[in-house]
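Student: Based on what follows, work out the 3D shape:
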Amino acid sequence: MEFLNKNKKVSSGAASTQKYVDVEEVRDGVIVLKSSGLRAVLLASSVNFDLKSSEEQDAIIAQYQNFLNSLDFPVQIIVHSRRFRIEPYLEKLQEEEKKQENELLRFQISEYRNFVKNLTEVSNIMSKFFYIVVPFAPSETQSGGLFGKIGAIMNPKQHMSGRGELFETYKSQLFQRAQQVSAALSGTGVRTTMLNTEEIIELLYNTYNPSLFTTTVVRNVDEMEIHNR
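Tutor: Numbering: from 1, shown residues only. Model prediction:
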């Protein structure tokens, strides 16, 4: 996305459309909006609620209620559907087929690979990714005194870009919120991880260009690890 890198020369066509995009830039794993608001994006794992026992379901619901009650700021939950990328799996099966010395096993792998390939051709299999957007606005900070708060509200962009240390302060408070969300959701069995700059740019690009990148995966959810910032 050209508007995410100020070192790139933006074409006139791109500039004419970028005015409708709220994102000013992405840096240090933070989305900076044109209004100078900050956003962090958490990728969340899923929980198969239907396979849980009634006691486990009640516990998950109670933990989720606690999560909602613990928030003193708004969050946005986004469900992003993408076409399931089956090609790498088929290639792996083909490699295993070539390695097999047993003719019967080689035949079974071949039949299974063809079955999966035909199934994905006739069915539109989708993968769902869950994201939590955590916000922070410069006007929410408690430091800077009355005039600092008024300045942040009246001219947020100048307030943000004028001093680099302010961005670091706001980013730290934003990450504290993200850590709070991650810790609260862990009680429900949901694992979360924060997207870095490259992953956020990829996610935004895929969102604004769904027809070009329907199979791109930002991060493998199965390999996620909870980490604190």
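
Student: My guess is Lys34 contacts Glu24. True?
Tutor: Yes - Lys34 is within contact range of Glu24, at 4.7 Å (criterion: CB atoms under 8 Å). C-beta: built from backbone N, CA, C; applies to glycine.

Student: and the two? which has more neighbours close in?
Tutor: Taking other CB atoms under 10 Å, Lys34 and Glu24 do not tie; Glu24 has more neighbours (20 against 15).

Student: wait, the more buried one sits on Gly37?
Tutor: No - look at Glu24 against Gly37 with CB under 8 Å: they stay out of range, at 9.6 Å.

Student: any weak-confidence spans in this protein?
Tutor: 1-18, 140-164, 210-229 (pLDDT under 70).

Student: Do a quick rundown of the helices in it.
Tutor: For the chain, helices defined by DSSP state H occupy the ranges 12-18, 54-70, 87-99, 103-122, 145-154, 156-161, 164-186, 197-208.

Student: Just list what the last one packs against, helices and strands only.
Tutor: Packing contacts for helix 197-208, counted by 3 or more CB pairs under 8 Å, 6 or more residues apart in numbering; DSSP states H and E, involve strand 23-27, strand 38-44, strand 76-83.

Student: now the angle from the biggest strand by length in the chain to helix 197-208?
Tutor: Ranked by number of residues, the top strand in the chain under DSSP state E is strand 126-136. Using axes from the mean of the first three to the mean of the last three CA atoms, to 10 degrees, the direction of strand 126-136 lies 120 degrees away from that of helix 197-208.

Student: Please enumerate residues in contact with strand 126-136?
Tutor: 37-46, 73-85, 170, 173-174, 177-178, 181, 185, 192, 203, 217-218, 221 (CB atoms under 8 Å, 6 or more residues apart in numbering).

Student: my guess is Phe49 contacts Asp58, does it?
Tutor: No - with contact defined as CB under 8 Å, Phe49 does not reach Asp58; the gap is 11.2 Å.

Student: what about Val47, neighbour count?
Tutor: So Val47, with other CB under 10 Å, has 17 neighbours.
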